[in-house]
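Asker: Sharing a model that was predicted from the sequence below.
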2 protein chains.
Amino acid sequence: MGPVRLALLAVVALAAAGEAVYIPYNTSAGVVAGKLNVHVVPHTHDDVGWLKTVDQYYVGSNNSIQGACVQNVLDSLIPALLKDENRKFIYVEQAFFQRWWRNQNDMIKDTVKGLISSGRLELINGGMCMHDEATVHYIDMIDQTTLGHKFIKEEFGQIPRIGWQIDPFGHSAVQAYLLGAEVGFDAFYFFRIDYQDRDTRKETKELEVVWRGSKSFGSSADIFAGIFPKNYEPPPGDFYFEVDDDSPVVQDDPLLFDYNVEERVNDFVAAALAQANITRTNHIMFTMGTDFKYQYAESWFRNMDKLIHYVNKDGRINALYSTPSIYTDAKYAANEQWPLKTNDFFPYADNPNAYWTGYFTSRPALKRYVRMMSGYYLAARQLEFFKGKSKSGPTTDYLGDALALAQHHDAVTGTEKQHVANDYAKRLSIGYTRAQELVSTSLACLTELGSKSHCSSPTTKFSQCLLLNITYCPPSQTDFSKGKSLVVLVYNSLGWKREDVLRVPVFSDSIVVHDSEGREVESQLLPIASASLNIRDKHVKAYLGTSPGAKPKFWLAFPVSVPPLGFNTYFVSSMKKSASVSSKSTIYSSQGSENSNLQVGQGNLKLQYNAAGAFSLYSDSRTLASGAYIFRPNGTVPIKTDSQVPLTVLRGPIVDEVHQQINSWIYQITRVYKGKDYVETEFIVGPVPTDDGNGKEVAAEIVSNMATNKTFYTDSSGRDFIKRIRDYRSEWKIEVHQPIAGNYYPVNLGIYVEDGNKELSVLVDRSIGGSSIKDGQIELMLHRRLLHDDGRGVAEALNETVCLDNQCEGLIIEGKYYLKIDPQGEGSRWRRTFGQEIYSPLLLAFSEQDGGNWANSHIPKFSAMDPTYSLPDSVALLTLQELEDGSVLLRFAHLYEAGEHKDLSALASVDLKRVFPNKKIGKIIETSLSANQERAAMEKKRLKWKVQGPPADGKVVRGGPMDPSKLVIELGPMEIRTFIVNFERSISGKQLL
Amino acid sequence: MGPVRLALLAVVALAAAGEAVYIPYNTSAGVVAGKLNVHVVPHTHDDVGWLKTVDQYYVGSNNSIQGACVQNVLDSLIPALLKDENRKFIYVEQAFFQRWWRNQNDMIKDTVKGLISSGRLELINGGMCMHDEATVHYIDMIDQTTLGHKFIKEEFGQIPRIGWQIDPFGHSAVQAYLLGAEVGFDAFYFFRIDYQDRDTRKETKELEVVWRGSKSFGSSADIFAGIFPKNYEPPPGDFYFEVDDDSPVVQDDPLLFDYNVEERVNDFVAAALAQANITRTNHIMFTMGTDFKYQYAESWFRNMDKLIHYVNKDGRINALYSTPSIYTDAKYAANEQWPLKTNDFFPYADNPNAYWTGYFTSRPALKRYVRMMSGYYLAARQLEFFKGKSKSGPTTDYLGDALALAQHHDAVTGTEKQHVANDYAKRLSIGYTRAQELVSTSLACLTELGSKSHCSSPTTKFSQCLLLNITYCPPSQTDFSKGKSLVVLVYNSLGWKREDVLRVPVFSDSIVVHDSEGREVESQLLPIASASLNIRDKHVKAYLGTSPGAKPKFWLAFPVSVPPLGFNTYFVSSMKKSASVSSKSTIYSSQGSENSNLQVGQGNLKLQYNAAGAFSLYSDSRTLASGAYIFRPNGTVPIKTDSQVPLTVLRGPIVDEVHQQINSWIYQITRVYKGKDYVETEFIVGPVPTDDGNGKEVAAEIVSNMATNKTFYTDSSGRDFIKRIRDYRSEWKIEVHQPIAGNYYPVNLGIYVEDGNKELSVLVDRSIGGSSIKDGQIELMLHRRLLHDDGRGVAEALNETVCLDNQCEGLIIEGKYYLKIDPQGEGSRWRRTFGQEIYSPLLLAFSEQDGGNWANSHIPKFSAMDPTYSLPDSVALLTLQELEDGSVLLRFAHLYEAGEHKDLSALASVDLKRVFPNKKIGKIIETSLSANQERAAMEKKRLKWKVQGPPADGKVVRGGPMDPSKLVIELGPMEIRTFIVNFERSISGKQLL
């Protein structure tokens, strides 16, 4: 009424206006015995690419997609930490941290070094990214972690103690024992486990466990694993304090309205008691942060200061600034016995219809690109070492960095936006281009006579053919008619001698192949399938922007033999009249109905065809759609094949091939090589049609009549095999809502079934989702093209296309898988040996010779090792890499689990003197897996956790300490041993080969 | 296709990975002659309440409404400024700055003092808020500016140089000359002017002008006025750098993708050249900021550092960190002659159908509350001075602070959200409650015999009746039957003796009034209209939460006479039989048709009724709706009156009243007092019905047959009158799209028309919108109830309600306006004198006496001034206020413009010795208007700007310097002079009265 609107006033004791109300907050609390201790852990989770690229996230560009700028986080963090010495922060993703670090001046660097050395800023996890655990190969995990840890060690003298995999979509056993325990971590924190598992664990207070991820290592690789109750964000009750967040800030200024200290203290205490109720010991962790938060760090710390101050004044509980390290130490000090967890945490579901098993396959082309580059990077580093790492010239560093980023849990997973996927691919491409240059130079140096030392500009030019899979290899377009021949140098990065069959596209139908000793080599010409030629033109144009030139007519296939860690050279030329001119394949075509008696195969293996290649097609639905993360089939749709699948058989001395056009967009080639007892299947899938308005997910089925009793085995991150039982989880009771998606597991190396009599194994060329949905059956999801987003943040349908002249079509996926049947107990040998060959394919470098002059100036065959030596069948050389300081990183892996193979699971040994016959090892130190500390010190330091129940270890076999005079490295089953080696140098400064 | 997605790479020179890329930015540029200088002015615009309350904005709570936290701005600013000594910032709103300041520790305070003294942080404008200029009374402008400037002077020794009214919705002449020039500002920057005016000015490069706002002061109060070309935000071209803003950040790290330095430099240069093209001299200003930005200041400075660095490296233009002061000095140094601007910038339209003239009336209850409190604050400070300012007891400080906030351009304007309007009212209520206590105590001290010194707990208890307008005054419910009588102490804060008629609600019908000398005073009883009683119960409950008790029956009206700056006392008691018992009014009721011959009025004025009170009703439309800001009538709807407006006439010896129930929700009382020659109209409007789905805006119309030739006059901020011509602007050509809304102007004091023969003046009791839409007519918009938002940010319909027991009804507005007809040339005397009386109504304090004992212990009548002295008719005492240090702020105002009145526009003088007859002035210094510097120094320092065209000044009359021995203050027309006075103290420390 009229002027007077007297608000009813709560009678508040207001200080006199103008009075100062500076409040010094007491944030100095440490752990207090006898009280519930709330470890307030300020953190940010910064995806190394997701909705934006890593660089966009770093500089804060492209904010219309997502407001996120890591530079802000780190810039604002420093003054915030300086403001109160009790404040703490952890930083995780080194890709960001390194970007920031190199932008800083010395003053800030000194300040940050002080903060880090005093523990106020702790670098944990410490890899370049927070890698995925389902679709990442363990070698990539090791490499990207090593890269991050190296920087932390060199720059700050620090060794990360904590695994912090808070976001990946499920967790692998290899992560726990290998990238956890073997890296020296004392604990490992995460949150994404199946919702049913979580619910049970909350009831039984088993969110915190000791995880024994390795059957081979038993308790020696135990690690404390903390699963967050809900997510990695602040506890329920509105404790988000980012600029613009709408949680109630702690308002403690008595001169202002809305003073709310009591309410906020009560909220905090309530959240703490709720969490304490599902947690053992009187320590709980509040993860104060989430994705890309702390862009203005002070805004969080200001409120946390107040909460700690007033909560402790309140006195019911004790709140303290903490880190996961401090929390871990407090848990350890509680001297509790913890529940035991074995195996892994796959698959992950966040609700009954949301199994995150789609991303096991999402973006299969990127996944293959990453895997190819991974193997290439391993080989390239060897060659970089042989040549000597260059300060100025091309190096493998960019490729290493690009690969590290690509392991991020929104990179190789396929769960990023398309433009971000392009960014990862671009980085790999740049990295590959540089590494390729290095590789070509190194091979030229190695092969040129007398050019070993100081070889930087050899005259021999090699080129390589990354696009060989789409029949594109310009060097092979050599016109042999003019007396030239194609030089094919074949490098083997494995420690074993290797026999394989190469395939090179050629134009001529009269081809002869010679080996390095001038002997003719039997070869075979196979007409190139039109399915392959059709995609060649388009994709060369789309990816390289150039026209691919004339179409080759044949694949030339010929066997090669390459020494360990070395190369051999082959020569392809034209010769009209020769006994050993390349054999043309015989061709047989039939309609599907006639296939039943078809038999192919040159050697021990005969393939009897009695069915068309089987594919499953999972159809998407609009309401609960599959997406980049989630596989949620609306039902299986049979592949609409022409009732008669036409079938073409090519036969010849080297390989038999069966070609099948399954339907208009699926082509399959099955190969059996002479002298090999496995089957190679090449598939070309796509463009997946979506004109019916539905997305589709394409799986290959391998069907047998084996009685496999719901059981199958898949690898953990490409290493250990874990037993899977359909519709069952070994450690908790599952209620099955998604009988297909809920039984999918990641496959990096392979998948197999067994029936007590034989084993059916399938090995893959990239990360893929797989299962055994029916007894005797194995399925592999090869491709996914989807039209809807699945609501987990990426906000884009996974609908990959390739565009040319503004016309876009669904992406075509080409790939291979390999199949073998072994007697029960024998499958592991092929899985392990051939698995390693798939990972490390022969590296081909092409050159040209005019006439037969190559041998005059080139060494045609080479092994870096003692010519009479090769590594044991059970051992692979994982890393041979020269570091910036000239020392060498060396890593060997035993490939078998304890008990996996009757012979090969035994202790193995590597004789370094024979591996490096021409070099003298000056100093050699065994380190942790990530090479950032001495192994012995690490083992001494690592916390040993108590486990509930009886001790259950069998004998763990590990290699003994290496005697520096003998230089023999022993490796027990699954053991990976890492060394830093200093070779003595020659007078010239060049390392001796 | 398969693994390979080679992105096509732009060939970029990438530095080697790992290389440091710390770039020291050169931001040291100053002004460069001969180049276009871009003054980069980092700023934030922080509304002192709008969508959130001032405290919510400060602490960052209620972020779901708007993500805004001023604490972040200031906290983050300090490290950002420290990072580079060239970085600069301005801060404007002292309400926020003071909140922040008192939260800081000494270390930060010292740092900030350093930043301020070095000019890196400059406090400009400097009031508590950025006050509105349409709905704010000039006394409130002065008070709130003084409050802010005082703090800046005391704490930092600084004197703001720049007016920075960048957001208010139109600009007043008083702001330019009084709150600009007279405060000592060298320039005044803003942007909201009519879009047509702006367009013209851009073409003629007249966005920067010299504004001569005062006709009386002429060029002596010129100020440089800079109108921004578009708004107060960064220039076009995406230069917003708040955390999460999506402008492209400057990406200059060569190791990362998307390097964009060239593009961003080009964008910056293009924006500069475009602005230079409409600006005189080679200096332009980029206002780098907007509402509540710089929550993480580094995010802006990081990008501005880079822009300055690379733009200057580019060399086409010169960019520099600057402030409006530096910019102003550069403009001044250019020695240009500037176009002249007179009058003001009202009304403001931002497009053809968007005249911001609704807010002149929006929230009329709040506007009245502010005006009441403003007058009360003036009086209370006098009484605080008389008593001596208390360190511990209640003070006027809170009210001063609350009033200061209420002047904000989203406060009294009515353009804030409802909960924020409630917050302002709450603050006023708290402030009033405290001031009321002080006032009661001070009056008791003054009136109690022998208690003048050290009077802190007088025995006499006074109470006051803020809700008298809704007939609620508990002290007047005294039961006179028991021999008690009501003591009414009447305080007059004006410097003149004053005669007025009081009205007090009473229960008895036999009342007698005595004056302080025991004489009976003639009085009159008027039955209380049921319209008044009906709203009494409801609103007392709604606002006070209590039941108002029994309903009084009569208004007791009686005349009082009060000395200047003093009080008189009246006694109301019951007396059955007395000659001078209060006269009951005679009552006459008629229907509308009979009204034509009705005549009322006791004195010189006779009011002849020949029409029902006229009201216009503007109806809202849904498509282009009126809102809190904008008045956009869809058409005029006649008020649906009952064809016969019933009319009741009350007649008596003191006042005649005509009551009219215009319709069910408009009630009007017209009063003519004996011996007064003006008409008082009280209106009760509301609840405005909206059940037809339309909002409505209610205007009162005063219609005459005067030939006013489209011309009328409205005041500028309650002070100067400015000539308005319908559908016309004196300095630019207007195209009329909104013939009603586009002719509305703010009315704070009054509006008048004249026809050469007589003047028709209307004075108002609050800020209101008014116009003369037809010749001879005046209209006042009394109330607005709207159902739609008008899209200018507040995002709420202006639909005020009052709720009781969960029932809400539209707000009822009660108020008064006053009307007088004078011979041509004579109207100003009433407008000025009575206008001052409306602003400063008599202050009533009620007590009780039992029997006739008051006079034994109380002084009944008092004046602080020499009993034979009063201020000249042309002079008002604007401020008499004791400051914390015991000195006294004294401000006198001449009330007439040059030439406004033939006699009263003359030079006037005030004899301070007679104003303070019992005090000795020790030291007296004349200061600037805001009392933060000596007047003489200010005048010497202020920049004198050159104006285009011939000098046009007549003689400006200003008072001469004051002779400290004579202590006589001269005041020329419109002059306001401000002094800091130190009185000599008595031994006791108490000031002498």
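Answerer: Right, received. Where do you want to start? Residues are numbered from 1 along each chain as shown, chains lettered A, B, ... in the order given.
Asker: For the stretch 351-500 of chain A, which residues are neighbours of chain B?
Answerer: Applying CB under 8 Å from any CB of the partner chain, one finds that the stretch 351-500 of chain A approaches chain B through A:365-366, A:368-369, A:371-372, A:397-398, A:401, A:421-423, A:425-426, A:429-430, A:466-467, A:469-470. For every residue, glycine as well, the C-beta is placed using N, CA and C.
Asker: Now the buried members of those residues.
Answerer: The neighbour count (16 or more other CB atoms under 10 Å in any protein chain shown) marks A:365-366, A:368-369, A:371-372, A:397-398, A:401, A:421, A:423, A:425-426, A:429-430, A:466-467, A:469-470 as buried among those.
Asker: among the helices and strands of chain A, which has the poorest mean pLDDT?
Answerer: strand A:607-609 (a mean of 59; mean pLDDT, DSSP states H and E).
Asker: and the following helix or strand past that one, what does it pack onto?
Answerer: Sequence order places strand A:614-619 as the next helix or strand after strand A:607-609, per DSSP states H and E. Using 3 or more CB pairs under 8 Å, 6 or more residues apart in numbering or on different chains; DSSP states H and E, the elements in contact with strand A:614-619 are strand A:636-638, strand A:696-703.
Asker: Quick one: the strands in the stretch 551-700 of chain A, in order.
Answerer: A:554-562, A:566-574, A:583-584, A:586-590, A:598-600, A:607-609, A:614-619, A:636-638, A:647-651, A:655-663, A:666-673, A:679-685, A:696-703 (DSSP state E, counting those that start in this stretch).
Asker: do the stretch 51-200 of chain A as well
Answerer: Going by DSSP E, counting those that start in this stretch, the stretch 51-200 of chain A shows strands at A:89-91, A:121-123, A:162-164, A:187-190.
Asker: that's a strand at A:Val512, yeah?
Answerer: Yes: under DSSP: H, G, I helix; E, B strand; the rest coil, A:Val512 falls within a strand.
Asker: so who does it touch?
Answerer: Applying CB atoms under 8 Å, 6 or more residues apart in numbering or on different chains to A:Val512 gives the contacts A:Glu520, A:Ser523, A:Val572, A:Ser573, A:Ser574, A:Met575, A:Ser578, A:Ser580, A:Val581, A:Ser582.
Asker: what's the distance between whichever residue of the stretch 701-850 of chain A sits closest to chain B and A:Asn534?
Answerer: The nearest approach of the stretch 701-850 of chain A to chain B comes at A:Glu814, 3.8 Å away (CB to the nearest CB). Taking CB to CB, to the nearest Å as the measure, A:Glu814 and A:Asn534 are separated by 12 Å.
Asker: Give me the more crowded residue out of the two.
Answerer: A:Glu814 (25 against 14; other CB atoms under 10 Å in any protein chain shown).
Asker: Tell me which strands the host helix or strand of the more buried one pairs with, and in which orientation.
Answerer: Take DSSP H and E as the rule and A:Glu814 turns out to sit in strand A:813-823. Counting by DSSP bridges, the strands paired with strand A:813-823 are strand A:679-685 (antiparallel), strand A:758-764 (antiparallel).
Asker: okay, the strands of the stretch 51-200 of chain A, which one's buried deepest?
Answerer: Highest mean neighbour count among the strands of the stretch 51-200 of chain A (mean count of other CB atoms under 10 Å in any protein chain shown): strand A:162-164, with a mean of 27.
Asker: who touches the most centrally placed residue in chain A in this structure?
Answerer: Using CA atoms, centre = their mean, the residue of chain A that lies closest to the mean C-alpha position is A:Val136, 1.9 Å off. Going by CB under 8 Å, 6+ apart, A:Val136 touches A:Gln407, A:Val412, A:Ser717, A:Asn748, A:Ser767.
Asker: again, only using 10 Å
Answerer: Residues near A:Val136 by CB atoms under 10 Å, 6 or more residues apart in numbering or on different chains: A:129, A:144, A:168, A:172, A:174-175, A:179, A:367, A:370-371, A:374, A:406-409, A:411-413, A:717-718, A:746, A:748, A:767.
Asker: returning to that earlier point: quick check: neighbours shared by A:Glu814 and A:Asn534?
Answerer: Residues within reach of A:Glu814 and of A:Asn534 at once, by CB under 10 Å, 6+ apart, are A:Ile470, A:Tyr667, A:Ile684.
Asker: related to what we said a few turns ago, can you list the strands of the stretch 51-200 of chain A in CSV and add mean pLDDT?
Answerer: Formatted as CSV, these follow (pLDDT from 0 to 100):
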stretch, mean pLDDT
strand A:89-91, 98
strand A:121-123, 98
strand A:162-164, 98
strand A:187-190, 98
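Asker: In CSV, list these along with distance to B:Gly566.
Answerer: CSV is the format used below for the strands of the stretch 51-200 of chain A (distance: least, CB to CB, whole Å):
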stretch, distance to B:Gly566
strand A:89-91, 66
strand A:121-123, 69
strand A:162-164, 77
strand A:187-190, 77
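Asker: Export those strands to JSON lines and append columns for distance to chain B.
Answerer: Listed next are these as JSON lines, based on distance: least, CB to the nearest CB, whole Å:
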{"stretch": "strand A:89-91", "distance to chain B": "16"}
{"stretch": "strand A:121-123", "distance to chain B": "17"}
{"stretch": "strand A:162-164", "distance to chain B": "24"}
{"stretch": "strand A:187-190", "distance to chain B": "28"}
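Asker: Just the ones of the contacts of A:Val512 in helices?
Answerer: Within those, no residue falls in helices by DSSP state H.
Asker: of these, the lowest pLDDT goes to which?
Answerer: Across the contacts of A:Val512, the smallest pLDDT goes to A:Ser578, namely 62.
Asker: thinking again about what came up before, which of the contacts of A:Val136 count as buried?
Answerer: Neighbour counting by 16+ other CB under 10 Å classes A:129, A:144, A:168, A:172, A:174-175, A:179, A:367, A:370-371, A:374, A:406-409, A:411-413, A:717-718, A:746, A:748, A:767 among the contacts of A:Val136 as buried.
Asker: for stretch A:317-324, the distance to its chain's centre please.
Answerer: 34 Å (CA atoms, centre = their mean, to the nearest Å).
Asker: that older thread, which ones among the buried ones among the residues of the stretch 351-500 of chain A next to chain B are found in helices?
Answerer: Judged by DSSP H, these include A:365-366, A:368-369, A:371-372, A:397-398, A:401, A:421, A:423, A:425-426, A:429-430 as members of helices.
Asker: Just the closest of the contacts of A:Val512 to chain B, please.
Answerer: Among those, and counting by CB to the nearest CB, the member closest to chain B is A:Val572, at 23.3 Å.
Asker: thought that closest one was touching A:Phe846?
Answerer: Yes: look at A:Val572 against A:Phe846 with CB atoms under 10 Å: they come within range, at 9.3 Å.
Asker: joint contacts of the two?
Answerer: With CB under 10 Å, 6+ apart, A:Val572 and A:Phe846 have common neighbours A:Ser476, A:Thr478, A:Leu486, A:Val487, A:Val488, A:Val504.
Asker: Looks to me like the fourth one is in a strand.
Answerer: Okay, so that is A:Val487. Yes: judged by three-state DSSP, A:Val487 forms part of a strand.
Asker: Show me what it is bridged to.
Answerer: Bridge pairing for A:Val487 - DSSP bridges - gives A:Phe571, A:Ser847.
Asker: Now do the contacts for it.
Answerer: Per CB under 10 Å, 6+ apart, neighbours of A:Val487: A:447, A:460, A:462, A:475, A:478, A:516, A:569-573, A:845-849, A:854, A:858, A:860.
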